[in-house]
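*Asks:* What would the 3D arrangement of this be:
(chains A and B)
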Amino acid sequence: EDKVVQSPLSLVVHEGDTVTLNCSYEVTNFRSLLWYKQGKKAPTFLFMLTSSGIEKKSGRLSSILDKKELFSILNITATQTGDSAIYLCAVDRTTGNQFYFGTGTSLTVIP
Amino acid sequence: NAGVTQTPKFQVLKTGQSMTLQCAQDMNHEYMSWYRQDPGMGLRLIHYSVGAGITDQGEVPNGYNVSRSTTEDFPLRLLSAAPSQTSVYFCASSWDGELFFGEGSRLTVL
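*Replies:* Presented below is the predicted three-dimensional model:
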């Protein structure tokens, strides 16, 4: 059965800390892995990863994919209260139902 | 550019009532989908469509119907609402491997 597992389920850190969010997957017909950030409204796109070992970076956020070990990590450095959100990992497949989501990691950044 | 538009944003129903959540996108995307989001459950796929006239079931289709008569519109119908359908619903379209979400519709069934 296809699955996407995120860990931890929730995390509370202080401003300035660095956090690492994990996403492992077992999905047939893998095409890419996506990260989304969800505040109070709809998820917003962060990264799309298709190749192993190539880091994607946007400001204080970065992500990398390991297609051999079937996981991805999302790093956030120097966290800010505005980083408080649910971070969702999704896998895009090449056939049928394309996108398969994990349950998300809830991040709370305390001032 | 409006993107993905969902209506209504909020709705309260009584058990047994029917309603339709509307979703429209103006990006000419072939793939559209409906998700529900419940605490601790992430986003679960209800139904999806890979083009006009084509729909298929996702993980949690029971109690919901969809149709796709045009590329732009993908309405989600609840024929007889149940309290278990209380949730936040997101419509999304996809292009080039990226999902674009609507703002969400919060539905409460009493």
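
*Asks:* Kindly report the residues of chain B close to chain A.
*Replies:* Contact residues, chain B versus chain A (Cβ under 8 Å from any Cβ of the partner chain): B:31, B:33, B:35, B:40-45, B:48, B:56, B:58, B:90, B:94, B:97-104. Quick note: C-beta positions are derived from backbone N, CA and C, even for glycine.

*Asks:* Buried ones among those residues?
*Replies:* Neighbour-count burial (16 or more other Cβ atoms under 10 Å in any protein chain shown) applied to these gives B:31, B:33, B:35, B:42-45, B:48, B:58, B:90, B:94, B:98-102, B:104.

*Asks:* Please name every helix or strand in contact with the helix or strand of chain A with the lowest mean pLDDT.
*Replies:* Across the helices and strands of chain A, mean confidence by mean pLDDT, DSSP states H and E is lowest for strand A:99-101: a mean of 88. For strand A:99-101, the packing partners by 3 or more Cβ pairs under 8 Å, 6 or more residues apart in numbering or on different chains; DSSP states H and E come out as strand A:3-7, strand A:85-93, strand B:42-51.

*Asks:* Work out the sheet partners of that strand and label each with its direction, please.
*Replies:* Strands that pair with strand A:99-101, judged by DSSP bridges, come out as strand A:85-93 (antiparallel).

*Asks:* report the angle between the axes of the strand it pairs with and strand B:42-51?
*Replies:* Counting by axes from the mean of the first three to the mean of the last three Cα atoms, to 10 degrees, strand A:85-93 lies at 40 degrees to strand B:42-51.

*Asks:* So what touches strand A:85-93?
*Replies:* Residues from elsewhere that reach strand A:85-93, judged by Cβ atoms under 8 Å, 6 or more residues apart in numbering or on different chains: A:2, A:4, A:6, A:21, A:23, A:25, A:27-39, A:43, A:46, A:48, A:72, A:74, A:98-102, A:104-107, B:42-43, B:97, B:99.

*Asks:* circling back: quick check: which of the helices and strands packed on strand A:99-101 is nearest to residue B:9?
*Replies:* Proximity to residue B:9 (Cβ to Cβ) singles out strand B:42-51 among those, at 17.9 Å.

*Asks:* Contact residues of chain A facing chain B?
*Replies:* Close to chain B, as judged by Cβ under 8 Å from any Cβ, chain A has residues A:6, A:9, A:31-32, A:34, A:36, A:41-45, A:48, A:50, A:88, A:90, A:92, A:96-104.

*Asks:* switch the cut-off to 7 Å
*Replies:* A:31-32, A:41-43, A:45, A:48, A:88, A:92, A:97-99, A:101-104 (Cβ under 7 Å from any Cβ of the partner chain).

*Asks:* So which of those residues is surrounded by the most neighbours?
*Replies:* residue A:43 (27 neighbours; other Cβ atoms under 10 Å in any protein chain shown).

*Asks:* so what's it closest to, chain neighbours aside?
*Replies:* Closest residue to residue A:43 apart from its sequence neighbours, by Cβ to Cβ, 6 or more residues apart in numbering or on different chains: residue A:36 at 3.8 Å.
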